[in-house]
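K.L.:
any chance you can model this:
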Amino acid sequence: MLRVLGWYELRRNDKGQFYFVLKVGNGEVILIGEFHESRVAAEAEIALAQKNSPVDERYDRKEAINGKFYFNLKGASGKIIGTSQMYTSSIERDKGIAAVKANAATLTIK
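P.N.:
Residues are numbered from 1 along each chain as shown. Reported below is the predicted structural model:
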């Protein structure tokens, strides 16, 4: 069976800022990067995600005030690289982290 790896997409918001989204093989977004003024900075953040995603200590597991769960992927300096979607349980959040670990090393950028 062929396994479709994830990919990054570079995007711009309505203010013209660049950011990335990391998608899994089915097209679901599993990580959204921070906003940057330049494409180069957003591309550099993809490189940070690729480098830091295998390291479990780089994931800051959080619970929002509404009772939903999410995580931030951080660099060695503690700066946030990307944030997940909201999950209904900590188990689902941990599955999201596993998905980022499995897909973030991809070199595919669309």
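
K.L.:
what residues sit buried inside stretch 75-87?
P.N.:
By neighbour count on 16 or more other C-beta atoms under 10 Å, the buried set for stretch 75-87 is Ile81, Gly82, Thr83, Ser84, Gln85, Tyr87. Where you see a C-beta, it was placed from the backbone N, CA and C, and this is true even at glycine.

K.L.:
is the closest residue to Lys110 other than its chain neighbours in a helix, a strand, or coil?
P.N.:
Sequence neighbours aside, Glu9 is the residue nearest to Lys110 in space, at 5.0 Å (criterion: C-beta to C-beta, 6 or more residues apart in numbering). Counting by DSSP: H, G, I helix; E, B strand; the rest coil, the backbone at Glu9 sits in strand.

K.L.:
would you confirm that Glu9 contacts Gly27?
P.N.:
No - judged on C-beta atoms under 8 Å, Glu9 makes no contact with Gly27 at a distance of 10.0 Å.

K.L.:
higher neighbour count, these two?
P.N.:
Applying other C-beta atoms under 10 Å to Glu9 and Gly27 shows that Glu9 carries more neighbours, namely 14 against 10.

K.L.:
relative to Arg12, how far out is the residue sitting nearest the centre point of the chain?
P.N.:
Geometric centre of the chain, nearest residue: Leu31, 2.6 Å, by C-alpha atoms, centre = their mean. To Arg12, Leu31 is 17 Å away according to C-beta to C-beta, to the nearest Å.

K.L.:
export the buried residues of stretch 75-87 to TSV and tack on pLDDT, secondary structure and distance to Val100?
P.N.:
Below are the buried residues of stretch 75-87 laid out as TSV (pLDDT from 0 to 100; DSSP: H, G, I helix; E, B strand; the rest coil; distance: C-beta to C-beta, whole Å):
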residue	pLDDT	secondary structure	distance to Val100
Ile81	97	strand	10
Gly82	98	strand	8
Thr83	98	strand	11
Ser84	98	coil	8
Gln85	95	coil	11
Tyr87	97	strand	13
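
K.L.:
of those residues, closest to Lys95?
P.N.:
Taking C-beta to C-beta as the measure, Tyr87 is the one of those closest to Lys95, at 8.0 Å.
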